[in-house]
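Colleague: okay, predicted coordinates and the sequence, questions at the end:
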Amino acid sequence: MKRNSGISSVSSVTSPSANENGLPFDVVLAYRDLSIHFSTDDGVLKAANHVNLDLKYSQKLGLIGESGCGKTVTAQAVLRITPRNGWIEAGKILYRKKDGFEIDLAKLDPRGDEIRKIRGGEIGIIFQEPMTSLSAVHTIGNQIIEGVLLHITNNKKEAYEIALGMLSRVGIANPKQRMNEFPHQLSGGMRQRALIALSLACKPNVLIADEPTTALDVTMQAQILELIHELQQEYEMSIIYITHDLGVIAEVCDNVAVMYLGRVVELGGIKQIFGNPLHPYTRALMRSIPIIGKCVNELEVIKGNVPRPINLPEQCGFCGRCPEQFDLCDQAIPMLSEIEPGHFVECFLYPQDSTSDK
Amino acid sequence: MMNNTKEKTDGKDRVFLRVANLKKYFPIEKGFSRRVIGHVKAVDDVSFDIHYGETLGLVGESGSGKTTTGRCIIGAYPVTGGAIFLRPDQNSNEMVELTKLSRKERLEYQPLMNMIFQDPYSSLDPRWNVFNIISEAMRHSKKYTKEQIEMRVGELMTMVGLNETQIKNYPHAFSGGQRQRIGIARALATSPQLVVADEPVSALDVSIQAQILNLLASLQKELDLTLLFIAHNLGVVEHISDRIGVMYVGKIVELASKVDIFTQPRHPYTEALFSSVLNPDPFTKRERIILKGEIPNPASPPSGCHFHPRCRYAIDKCSKETPVWGEIISAHFAACHRAKELTLRGPL
């Protein structure tokens, strides 16, 4: 394997839109100015707007935000499984394949052969609901074997062995018996483990974990996060971790992107974001969750709701809910600018740096 | 039966509701003839008191019986065994045994208790407007005139932060947070003393969650409500509760004041549960106790202490004898054979 030649990317983030054409050598997946729109009865819904993100080899990138801020949509776009009423309006999704070639996933035919090789084979995904994302009418074993047969081997016996090994690797007791069982015979935590086995059976380069522990209890969450962490080390994967739980992000990620209303409003290393949050939204989000041991009489509240991204005026999306709003905020959309090395924010409170973003 | 309060005379610490050895078993039926082949012991011998004006938090994993306990108290389920006592009048010592009353007799006390549900999307009837939803209990109680009901609904909507002009709107016109406010207004309609809040914020976004938690806290202060707060998010429970009960497979394993239980838990399950909470703080890494396996099936729980197969302090006795529920130190209850000898760490 030529990837991961000792590159550690723990704390540094490159300017997201530097190097417009092609990927920097240590980046495996990158969004370039990605916009995703949906057609709804009320008009065009702009779910993601000009998203720029880099995912490096072996990096664990967290995407955080409330529901409806575009986290899942950007992740679905990578695998080209955007729901039918949505499309990629503009931008690129650059990906470096296992064989070293770069491709723009946004240009591929979502039903074509090329994306099918990548989907599951090179980029795996774990969905939120372990109940609904496994097929109810196929056995666990057959669902894992299907992917293995598509991507790794043609030999059914070998595929069975791989699937069996994967099941026992993710900590499922009696894997032989479980191979022949259906999802309804497994508990929630077991199903999530089976789903992890399914998405990792083909040893993907990149794993997209879309709220993998949200439906689970805290004790089970701790087990699953531990498992994902171990497997990440073992397979040297890069992970995009989507969640709305700040605790999970702090536990598992190296870098964080805070999304709000389809835009990345803040981006930086985990310690930068938690130690020195810059965007008013990030700060408000952190103060609005009750933390054990930090007794407060009243939680801070972000007033209002996330607006629906339909026909929004050209202004900062947080405008109207922001406690630090001033006259510039409803005039234009701020630019993502680098405040300290590797720490970017999209807010008029900070000097607008015209070189880092268009 | 336990009695975990020093009965004080100032009225504040008096017991409003006493749950004594509550049991709720659900039958497991099999085959065409629906033969009963076993029971799911959803709540098995649970005892606790709820005092006037306090918030009792109930935590535990899914399947531990939190919701069933709440539903038994509210009267949504007939109980299998045990008793629930209620003190209808704060100033008298007389307690009514709710579980002995007939359905009709019980109706008299029903307005004293109400429930807030978890999912604000499925707990409101989409074909009813806000007025109908909030006023349902009042319209049935015959104690209110039409004018009184109309006034009260308007009052409730303002109280929970809704706009009174939306009174004729249907639930689909509201966001998740607003729907939960409607649910709260409905629960408060008959001026209850006790509100059972069953995971009221777990379906909401974090920023909305803070709004609802603050609203509940301020309403409690304003109306002198007693809250039974059921949740699995420990941060939320710690924020709002005065005392906390921890449930595991149908039993309460520990019950104490918030400070006591977070400083020094007395049950190994509590310790492990607290340690698995992820704090949004990347600077301090705590050692985590990761529990092996899963919560056992309440239809066939392990022998002795239900927690012993996953407990790292388990001794021989734990698999044989069921631990006794008792007061370890003053007002701190736990059911563990080794509660007195172990020194467990809490997150505080």
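Modeller: In hand now; what should we look at?

Colleague: chain B contacts on the stretch 201-350 of chain A?
Modeller: A:217-223, A:225-226, A:244-251, A:270-271, A:274-275, A:284-286, A:288-293, A:295-296, A:298-302, A:305-306 (C-beta under 8 Å from any C-beta of the partner chain). C-betas here are computed from N, CA, C, even on glycine.

Colleague: check the stretch 1-150 of chain A too.
Modeller: Residues of the stretch 1-150 of chain A lying near chain B (C-beta under 8 Å from any C-beta): A:66-67.

Colleague: closest point of the stretch 1-150 of chain A to chain B, which residue?
Modeller: Nearest to chain B, among the residues of the stretch 1-150 of chain A, is A:Glu66, at 4.2 Å (C-beta to the nearest C-beta).

Colleague: shouldn't that residue be in contact with A:His244?
Modeller: Yes: if you go by C-beta atoms under 8 Å, A:Glu66 and A:His244 touch, sitting 6.1 Å apart.

Colleague: common neighbours of these two, please.
Modeller: Shared contacts of A:Glu66 and A:His244, defined by C-beta atoms under 8 Å, 6 or more residues apart in numbering or on different chains, comprise B:205-206.

Colleague: about what we covered before: tell me how many other residues crowd the residue of the stretch 1-150 of chain A closest to chain B.
Modeller: Neighbour count of A:Glu66, defined by other C-beta atoms under 10 Å in any protein chain shown: 20.

Colleague: and A:Arg193, by the same measure?
Modeller: 24.

Colleague: same check on B:Glu105?
Modeller: B:Glu105 has 11 nearby residues by other C-beta under 10 Å.

Colleague: with adjacent residues omitted, what lies nearest to the residue of the stretch 1-150 of chain A closest to chain B?
Modeller: The spatially closest residue to A:Glu66, leaving aside those adjacent along the chain, is B:Asp205, at 4.2 Å (C-beta to C-beta, 6 or more residues apart in numbering or on different chains).

Colleague: likewise for A:Glu129?
Modeller: Per C-beta to C-beta, 6+ apart, closest to A:Glu129 is A:Ala215, 5.9 Å.

Colleague: and the helices in the chain?
Modeller: Using chain A. Secondary structure of chain A, counting by DSSP state H: helices at A:71-79, A:113-118, A:140-151, A:156-169, A:175-179, A:188-200, A:218-235, A:246-252, A:270-275, A:280-287.

Colleague: my bad, chain B
Modeller: Taking DSSP H, the helices of chain B run over residues B:66-74, B:103-107, B:130-141, B:146-159, B:176-188, B:206-223, B:234-240, B:258-263, B:268-275, B:316-320.

Colleague: same for the fifth one, what does it pack against?
Modeller: When you say that, I think you mean helix B:176-188. Judged by 3 or more C-beta pairs under 8 Å, 6 or more residues apart in numbering or on different chains; DSSP states H and E, helix B:176-188 is in contact with strand B:113-116, helix B:130-141, helix B:146-159, helix B:206-223.

Colleague: what does the stretch 101-250 of chain B put close to chain A?
Modeller: B:175, B:177, B:205-211, B:213-214, B:217, B:232, B:234-236, B:238-240.

Colleague: give me the buried entries from these.
Modeller: B:175, B:177, B:205-211, B:213-214, B:217, B:232, B:234-236, B:238-240 (16 or more other C-beta atoms under 10 Å in any protein chain shown).

Colleague: just to revisit the earlier point, quick one: contacts for the residue of the stretch 1-150 of chain A closest to chain B?
Modeller: A:Glu66 makes contact with A:244, A:260, A:306, B:205-207, according to C-beta under 8 Å, 6+ apart.

Colleague: try 10 Å
Modeller: A:244, A:259-261, A:281, A:285, A:302, A:305-306, B:204-208 (C-beta atoms under 10 Å, 6 or more residues apart in numbering or on different chains).

Colleague: can you check B:Thr322 too?
Modeller: Listed by C-beta under 10 Å, 6+ apart, the contact partners of B:Thr322 are B:45, B:251, B:303-306, B:335, B:337.
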